[in-house]
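In: need coordinates for the below:
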Amino acid sequence: MPSLTATRITSPLPVLLCAAMLIFGAPVSQASAPSSAGVSGPSKKVGTWTARVLAGTAIRARPDGSRTSWYASGRTRWSGTSQRLMVLRSSFQDGRLWLKVRLPERPNGSTGWILRDRVRLNLSRRFAVIDRSRRRLTVYRRGSVLASLRVVVGSRSTPTPLGLFAVYDRVRQPDPTGFTGPWVLPLTAHSDQLKSYDGGPGLVALHGRGGPSLLDPLGAALSHGCIRMNNRRIQWLARSLMKGTAVRIRA
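Out: A predicted model of the protein is given here:
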């Protein structure tokens, strides 16, 4: 049975998502950045700066307090835990530091700006790469490969979208033996082919395997866009992967 690009997640706010990628290795490291310092974008060598939203705040279209492009609450929609956004770069405007962040909405690649004093910065030393053609997920820490594993990716008709995304949430599943396994890790990526799926927004996510999804072997391209992996890998990710960590999906 083909896998889902948007898979059902049972949580306080049930919703449909899709699954897509990630890592296992040493614990995630954290470090606060000086409030006056600029912030670099994600890379294999450094990792990913993440911005934890301290309270609900408007995300601006430009770093000058112009029109609102999105509203970031302090908590994610599904798990209700703290919201962390991937930082792409920073800019000073009128003596204030603004952060450009990846947004979890359509179109893929959407960005906005948030003031530095509205967030707490942390550094995830992780950076993940999904190679669609090789159907492999590779995880880096400070430039070194932690792991490389086979995964299930999207089919030719519903491919896993390409681009630089981030882990958006972590949602424990009530039935760890079900289709999505014990955990679903939504990304900021959406399916390019499926604008909605079974009532959900077609949001791509990483998840485990169970029931019918076990029929699709690792290394196959049979999903609607999500990326599946063995359950012990997704369990490790749920314990150790910081929300906001970069996930590069390439052809």
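In: most remote residue from the middle of the protein, which is it?
Out: The C-alpha centroid of the chain is most remote from Asp94, which lies 31.8 Å away (C-alpha atoms, centre = their mean).
In: dump the residue contacts of that residue.
Out: When contacts are counted by C-beta atoms under 8 Å, 6 or more residues apart in numbering, Asp94 is found next to Asp64. Placement of C-beta: from N, CA and C, glycine included.
In: what about the residue most central in space within the chain, distance to Ile249?
Out: Residue closest to the average C-alpha location in the chain (C-alpha atoms, centre = their mean): Val167, at 1.8 Å. Going from Val167 to Ile249 by C-beta to C-beta, to the nearest Å gives 12 Å.
In: buried stuff in the strand of greatest length in the chain?
Out: Counting by DSSP state E, the longest strand found in the chain is strand 84-93. Buried positions in strand 84-93, judged by neighbour count with 16 or more other C-beta atoms under 10 Å: 84-90.
In: next helix or strand past it?
Out: Going down the chain from strand 84-93, the next helix or strand is strand 96-102, by DSSP states H and E.
In: which elements pack onto the following helix or strand past that following strand?
Out: Using DSSP H and E, the helix or strand that follows strand 96-102 towards the C-terminus is strand 111-115. Where contact means 3 or more C-beta pairs under 8 Å, 6 or more residues apart in numbering; DSSP states H and E, strand 111-115 is packed against strand 57-60, strand 68-72, strand 84-93, strand 96-102.
In: what is the orientation angle of strand 111-115 with strand 96-102?
Out: 150 degrees (axes from the mean of the first three to the mean of the last three C-alpha atoms, to 10 degrees).
In: which other helices and strands does the following helix or strand past strand 111-115 contact?
Out: Using DSSP H and E, the helix or strand that follows strand 111-115 in sequence is strand 119-124. Helices and strands touching strand 119-124, by 3+ C-beta pairs under 8 Å, 6+ apart, are strand 48-53, strand 84-93.
In: in the stretch 151-251 of the chain, which spans are helices?
Out: With helices called from DSSP state H, counting those that start in this stretch, the stretch 151-251 of the chain shows them at 231-240.
In: any regions of it where pLDDT drops low?
Out: Across the stretch 151-251 of the chain, the ranges flagged by pLDDT under 70 are 197-200.
In: ranges for the strands of it?
Out: 153-154, 163-166, 171-172, 183-190, 203-207, 221-223, 227-228, 246-250 (DSSP state E, counting those that start in this stretch).
In: make a markdown table out of these and add distance to Leu137.
Out: Listed next are the strands of the stretch 151-251 of the chain as a markdown table, based on distance: least, C-beta to C-beta, whole Å:
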| stretch | distance to Leu137 |
| --- | --- |
| strand 153-154 | 9 |
| strand 163-166 | 13 |
| strand 171-172 | 19 |
| strand 183-190 | 12 |
| strand 203-207 | 9 |
| strand 221-223 | 14 |
| strand 227-228 | 7 |
| strand 246-250 | 9 |
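In: so which of the ones you listed is nearest Arg125?
Out: Of all the strands of the stretch 151-251 of the chain, strand 246-250 sits nearest to Arg125, with 11.1 Å by C-beta to C-beta.
In: alpha carbons of the closest one, as PDB, please.
Out: In PDB, the C-alpha atoms belonging to strand 246-250 read as follows (Å, rounded to 0.1, in the frame of the first residue of the first chain):
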ATOM      1  CA  ALA A 246      17.700  22.200   9.000                       C
ATOM      2  CA  VAL A 247      16.700  19.500   6.600                       C
ATOM      3  CA  ARG A 248      18.000  19.800   3.000                       C
ATOM      4  CA  ILE A 249      16.100  17.700   0.500                       C
ATOM      5  CA  ARG A 250      17.900  17.300  -2.900                       C
END
